[in-house]
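Participant: Output the structure for:
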Amino acid sequence: MSDLYSELLVKKEKTAKDSIIKYGLIALTVLFVLAGLFVTPILLIVAIALGVVTYFVTPKTDVEYEYLFVNGEMDIDAVYAKTKRKRIKSLNLAEADLMAPVKSHRMDYYNGNQKMKILDYSSGNPEHNRFAIITRDGNEACKIIIEPDEALAKAMKNSAPSKVFLD
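Facilitator: You can find the predicted model right below:
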């Protein structure tokens, strides 16, 4: 028996918010180091605390999403700064309500739902071919946005042809 298998790595595009966070924290740390050296040494403690925060927050601004699809099961991992990997979502396509392009007419009903939780695991570029998967996350409806390539989309369509639409 042949397995439906596909994997893909999608790099999240940097936003202005990511750059402001990254370079703002670095600038604040340098500012407090200088202030600690020239004004009062107590500010060096603040500089050390900011340095620790910068160390942990900066890698979160460089994210790649890895999609792994095997026989109807999809795992989405986040790879931070190409060093740390974290499983962020696992879902069974058979349990999903629908998968279609974000701008498809099939999503009109779900796009009007203001209470739906939206999880974006794509590059963030609206010009790319992004798909939405409507599923349940606990008790509430959830829209998961991904950016599959053609091979991954076809594998997903073959796994659940009545729920996956490529139009």
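Participant: where's the residue nearest the centre of the chain relative to Phe131, distance?
Facilitator: Centroid-nearest residue in the chain, with CA atoms, centre = their mean: Tyr121, separated by 3.0 Å. Tyr121 sits 11 Å away from Phe131, going by CB to CB, to the nearest Å. Heads up, the C-betas are built off the backbone N, CA and C, glycines and all.
Participant: shared neighbours, the two?
Facilitator: Residues within reach of Tyr121 and of Phe131 at once, by CB atoms under 8 Å, 6 or more residues apart in numbering, are Ile145, Ile146.
Participant: re earlier: so which strand or helix has the spatially closest residue to the residue nearest to the centre of the chain that is not a sequence neighbour?
Facilitator: Excluding the flanking residues, the one nearest Tyr121 by CB to CB, 6 or more residues apart in numbering is Tyr65, at 4.7 Å. Using DSSP states H and E, Tyr65 sits in strand 63-70.
Participant: picking up where we left off before, tell me if I'm right that the residue nearest to the centre of the chain and Lys143 touch.
Facilitator: No: contact criterion CB atoms under 8 Å: Tyr121 and Lys143 do not qualify, at 11.0 Å.
Participant: Which secondary structure element of this structure has the lowest mean pLDDT?
Facilitator: In the chain, the helix or strand scored least confidently by mean pLDDT, DSSP states H and E is helix 108-111, which has a mean of 84.
Participant: residues in contact with it?
Facilitator: Helix 108-111 is touched from outside by Leu98, Met116, Ala132, Ile134, Ala141, Lys143, with contacts defined as CB under 8 Å, 6+ apart.
Participant: Mind exporting the C-alpha coordinates of it to PDB?
Facilitator: Extracted C-alpha coordinates of helix 108-111, given in PDB (Å, rounded to 0.1, in the frame of the first residue of the first chain):
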ATOM      1  CA  ASP A 108     -17.700  33.200   2.000                       C
ATOM      2  CA  TYR A 109     -19.800  31.700   4.800                       C
ATOM      3  CA  TYR A 110     -16.700  31.200   7.100                       C
ATOM      4  CA  ASN A 111     -15.200  34.600   6.300                       C
END
